[in-house]
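*Asks:* Give me a model of this one.
(2 chains)
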Amino acid sequence: NAGVTQTPKFQVLKTGQSMTLQCAQDMNHNSMYWYRQDPGMGLRLIYYSASEGTTDKGEVPNGYNVSRLNKREFSLRLESAAPSQTSVYFCASRRATGTDTQYFGPGTRLTVL
Amino acid sequence: AQSVTQLGSHVSVSEGALVLLRCNYSSSVPPYLFWYVQYPNQGLQLLLKYTSAATLVKGINGFEAEFKKSETSFHLTKPSAHMSDAAEYFCAVSDLPGANSKLTFGKGITLSVRP
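*Replies:* This next block holds a predicted model:
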């Protein structure tokens, strides 16, 4: 049982390049989330998927797109990367019943030059 | 709208001393409150959560937190710090239960433990 996995672990992009961050969970969870973590800012929600087939914007969605590929997988795409998107990105999932816990992946450290 | 305030960005204690990390929340509905810990270069791990049952919540690694509605607080404590407690700690509030529930995080507090 791997929990929440993310690929890649590290990535360096040039301004204007695109890339997709991958996230998968093997806990049969219904809801999945993408956050970014910046120093002194805590975690901010980018997008979330309450259930398979649905996605919604979070606090900081600009410059990002998401795809809930199936129940297990939730990807985050940067179409044209900018230096302001340099951050650590975390994926999380939860069963989505009551007040259950979000489980986090190990993160992807992205640098945009 | 909900929000979390964690005053100060860094707390330093001696090994064996009391750990107190403060969290105040704002929520228009009865809140659900969480403390997460992040060790260097890792993801977040749940320490404990308050979901309207007992106001004193016990978590992993000897941590506990008390929900005080009158003070809108959910401070994290541990009687005796250990070197392995050095990490970043995040308080978070959830608005509603169910599928559309979202967490709002505080900015985090870095805990250092001196030998």
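
*Asks:* what about the spatially most central residue of chain A, distance to chain B?
*Replies:* For chain A, the residue sitting closest to the mean C-alpha position, by Cα atoms, centre = their mean, is A:Trp34 at 2.8 Å. For A:Trp34, the distance to chain B equals 12 Å [Cβ to the nearest Cβ, to the nearest Å]. Glycine gets a C-beta too; all of them are placed from N, C-alpha and C.

*Asks:* CA atoms only: put the helix or strand harbouring that residue into PDB for me.
*Replies:* A:Trp34 belongs to strand A:31-38 when elements are defined using DSSP states H and E. Written as PDB, here are the backbone C-alpha positions of strand A:31-38 (Å, rounded to 0.1, in the frame of the first residue of the first chain):
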ATOM      1  CA  SER A  31     -11.500  13.200  -3.300                       C
ATOM      2  CA  MET A  32      -8.100  14.500  -4.400                       C
ATOM      3  CA  TYR A  33      -6.300  17.800  -4.000                       C
ATOM      4  CA  TRP A  34      -3.400  19.800  -5.400                       C
ATOM      5  CA  TYR A  35      -1.600  22.300  -3.200                       C
ATOM      6  CA  ARG A  36       1.400  24.500  -3.500                       C
ATOM      7  CA  GLN A  37       3.700  25.300  -0.600                       C
ATOM      8  CA  ASP A  38       5.800  28.500  -0.600                       C
END
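
*Asks:* beta partners for the spatially most central residue of chain B?
*Replies:* Note on chain B: the residue nearest the mean C-alpha position is B:Trp35, at 3.2 Å, using Cα atoms, centre = their mean. Note on B:Trp35: beta-bridge partners by DSSP bridges are B:Leu48, B:Cys91.

*Asks:* State the pLDDT value of residue 29.
*Replies:* Because you didn't say which chain, this covers chain A. A:His29 carries a pLDDT score of 93 in this model.

*Asks:* Chain B, not that one
*Replies:* Confidence score, pLDDT, at B:Val29: 78.

*Asks:* ok, it touching B:Leu96?
*Replies:* Yes: with contact defined as Cβ atoms under 8 Å, B:Val29 and B:Leu96 form a contacting pair (6.8 Å).

*Asks:* So those two - more neighbours on which side?
*Replies:* Higher neighbour count among B:Val29 and B:Leu96: B:Leu96, with 13 against 9, using other Cβ atoms under 10 Å in any protein chain shown.

*Asks:* Quickly note the distance from that one to chain A.
*Replies:* 9 Å.

*Asks:* if we can go back for a sec, could you say what helices and strands the strand holding A:Trp34 packs with?
*Replies:* Applying 3 or more Cβ pairs under 8 Å, 6 or more residues apart in numbering or on different chains; DSSP states H and E, one finds that strand A:31-38 contacts strand A:19-25, strand A:42-49, strand A:64-68, strand A:74-78, strand A:87-94.
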